[in-house]
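Trainee: got a sequence here, can you model it:
(chains A, B, C and D)
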There are 2 protein chains.
Amino acid sequence: MELRTLRYFVAVAEELHFGRAAARLHMSQPPLSRAIKRLEADVGALLLARSPAGVTLTPVGRVLLDEARALLDRADLVRDRVSAAAGPATLTVGILGDGTDPGISALAAAHRRGRPGIDIRVRDTDLTDPTCGLRAGLVDVALTRGPFDETALTVRVLRTDPVGAVLRADDPLARRARLRLAELSDRRWFRFPPGTDPAWQSYWHGGSAREGPVVRAVQECLQAVLWNGTVGLAPLGHEPPAELAVVPLVDMAPSRVVAVWNEGDTNPLIRSFVETATAVYRR
Amino acid sequence: MELRTLRYFVAVAEELHFGRAAARLHMSQPPLSRAIKRLEADVGALLLARSPAGVTLTPVGRVLLDEARALLDRADLVRDRVSAAAGPATLTVGILGDGTDPGISALAAAHRRGRPGIDIRVRDTDLTDPTCGLRAGLVDVALTRGPFDETALTVRVLRTDPVGAVLRADDPLARRARLRLAELSDRRWFRFPPGTDPAWQSYWHGGSAREGPVVRAVQECLQAVLWNGTVGLAPLGHEPPAELAVVPLVDMAPSRVVAVWNEGDTNPLIRSFVETATAVYRR
DNA sequence: CGACGCCGATACCCCGTGGGTATCGTTGCA
DNA sequence: TGCAACGATACCCACGGGGTATCGGCGTCG
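Mentor: Numbering: from 1, shown residues only, chains lettered A, B, ... in the order given. All right, here's what the predicted structure looks like:
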């Protein structure tokens, strides 16, 4: 008789309809049926009378509905009290590059919702440090992209995006369905400043020879493409501005969106945040 | 934050020692450590201060300990109230052969403990019906041994016992460490009355040719061996009476202890009983 | 002062369960 | 009598909770 199961039961008992209850619980109907059946075996009594006409509560079910509601309320209270006792905690999350990934604010909101009383501070950094100041201790967790030097860091992959070349919309190659890196080797490529993580650096400059301007932020990259005739790389999936085009590259390893934290950091908020991040990115 | 996890936490918080808490919870220490760590991530705060000197509750841990105890008490109350609402229910359990298996009474007690208010009625039957009257509806669930005709029955295996030959202690073969069925083929074997389940019948009479007396109960089997010079089979594991010896048989399929109920019987008490039976027999 | 022992953490494996999709069976209704 | 609705069933996959083996840190003791 776990709390989750009781939440399921309350949902069914309130909807009096397995399908609707399943929808409300964001799951499908069969596992819900099974869970209720297990609960019935557990308490040793039928809780719901199923008939094609509809679902009804049995007398025992009615009792359990009241009791379960009370217990679940109580459980929420426990959460709140513990949160209150824990006091205001802050978690500093580092994100990369001008907050361009629209998912991140949603994620912060989701985490805040599930865990009120925790102050999430977002630190938006430029592209020169893919770990967003993790090593310097400026940040507890980083939501960022690979690849970078991972020593002494723990990495959790959230998603992988294929990568495309960013070109001016009027570039002759912009209409191509896909490209190979070699076709762009004669272009100028922007670089990151010296001292930038080598793995990161070499990934994003596409391995080409002709160096271009040094950039630090997403906006600078776009400007460089627009005005300097350079080429850049970008993960697919975001709609590019009208003046630009992103053409998939067939021979470029996909870019991984990751959550990273310092290895051995025992702050439980990190684990918790990473879990919700994983959940949010999964769907 | 499920109830099970909270029970774990309470155990650790009371023992202030992961190893002892794990023992109390009948589990090993690593999963317990992990569960507590998950709980800490879940509530977003450290609950226990681990130092080699020992484990201490953090302030947040102290709050959660109180809250968790209250919640768990409340959950027990829910159980009780639902049981009370369900009213007195009875479950008739059939067991085979003079209640000789010492585990069964313990199991009935365990089930009664976990589920007060349910009247467990044990029906002890003779050896002529391995299903203990399940088909006749005399019994809701049978704790018995295979093999038997399983059509329209659902079977859950609880344990398997190797089988030995039951001999008089002064029998020349009684001192042997193990035997083969062929070495006993010239003995008289007892039979069950006509009409007994064929699979059951043929299993226990060892496939030999010389027929012996007809028996119905365990006591009769023993008497037959003692006075009639017959041979019988018995699962190993029980200590035989002094005048008898049980010698392992190498070429006899082991005997399965099973819980059986009528296929499609939706009585939730059956499921519940079978679960505790599985748990009890597992250790 | 080094070897040992205690104890929680970590690594790794395996099975059970919780989730999913596809399909069935029953029943009320058109 | 065919159909639509809906819960049950069958099956599959992945994660989590359980296990064992081992590590690492820190006291203790010879």
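Trainee: could you pull out the helices for chain A?
Mentor: A:3-15, A:18-24, A:29-43, A:59-86, A:103-114, A:198-204, A:218-228, A:268-282 (DSSP state H).
Trainee: same for the first one, what does it pack against?
Mentor: Based on contacts counted as 3 or more Cβ pairs under 8 Å, 6 or more residues apart in numbering or on different chains; DSSP states H and E, the elements that helix A:3-15 packs against are helix A:18-24, helix A:29-43, helix A:59-86. Every C-beta, even on glycine, is put in place using the N, C-alpha and C of the backbone.
Trainee: flag every buried residue along the longest one.
Mentor: Under the neighbour-count criterion of 16 or more other Cβ atoms under 10 Å in any protein chain shown, helix A:59-86 has A:60-61, A:63-65, A:67-68, A:71, A:75, A:78-79, A:82-83, A:85-86 buried.
Trainee: hmm, that helix in reach of DNA strand D?
Mentor: No: on the criterion Cβ under 7 Å from any atom of the strand, helix A:59-86 is out of touch with DNA strand D, staying 12.8 Å away.
Trainee: helices and strands around that helix, which ones?
Mentor: Using 3+ Cβ pairs under 8 Å, 6+ apart: helix A:59-86 touches helix A:3-15, helix B:29-43, helix B:59-86.
Trainee: tell me the mean pLDDT over that helix?
Mentor: In this model, helix A:59-86 has an average pLDDT of 89.
Trainee: repeat for the first one
Mentor: The average of the pLDDT scores along helix A:18-24 is 88.
Trainee: quick one: buried residues of that helix?
Mentor: For helix A:18-24, the neighbour count (16+ other Cβ under 10 Å) marks A:Phe18, A:Ala21, A:Ala22 as buried.
Trainee: got a markdown table for the helices of chain A, with distance to A:Glu243 too?
Mentor: Shown next, in a markdown table, are the helices of chain A (distance: least, Cβ to Cβ, whole Å):
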| stretch | distance to A:Glu243 |
| --- | --- |
| helix A:3-15 | 50 |
| helix A:18-24 | 43 |
| helix A:29-43 | 49 |
| helix A:59-86 | 48 |
| helix A:103-114 | 24 |
| helix A:198-204 | 21 |
| helix A:218-228 | 6 |
| helix A:268-282 | 30 |
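Trainee: out of those, nearest to B:Gly195?
Mentor: helix A:29-43 (34.5 Å; Cβ to Cβ).
Trainee: what angle sits between that closest one and helix B:268-282?
Mentor: Using axes from the mean of the first three to the mean of the last three Cα atoms, to 10 degrees, the direction of helix A:29-43 lies 80 degrees away from that of helix B:268-282.
Trainee: buried residues, helix A:29-43. List them.
Mentor: Buried-residue list, helix A:29-43, by 16+ other Cβ under 10 Å: A:Leu32, A:Ser33, A:Ala35, A:Ile36, A:Lys37, A:Arg38, A:Leu39, A:Glu40, A:Ala41, A:Asp42, A:Val43.
Trainee: check stretch A:186-196 too.
Mentor: For stretch A:186-196, by 16+ other Cβ under 10 Å, it's A:Arg187, A:Arg188, A:Trp189, A:Phe190, A:Arg191, A:Phe192, A:Thr196.
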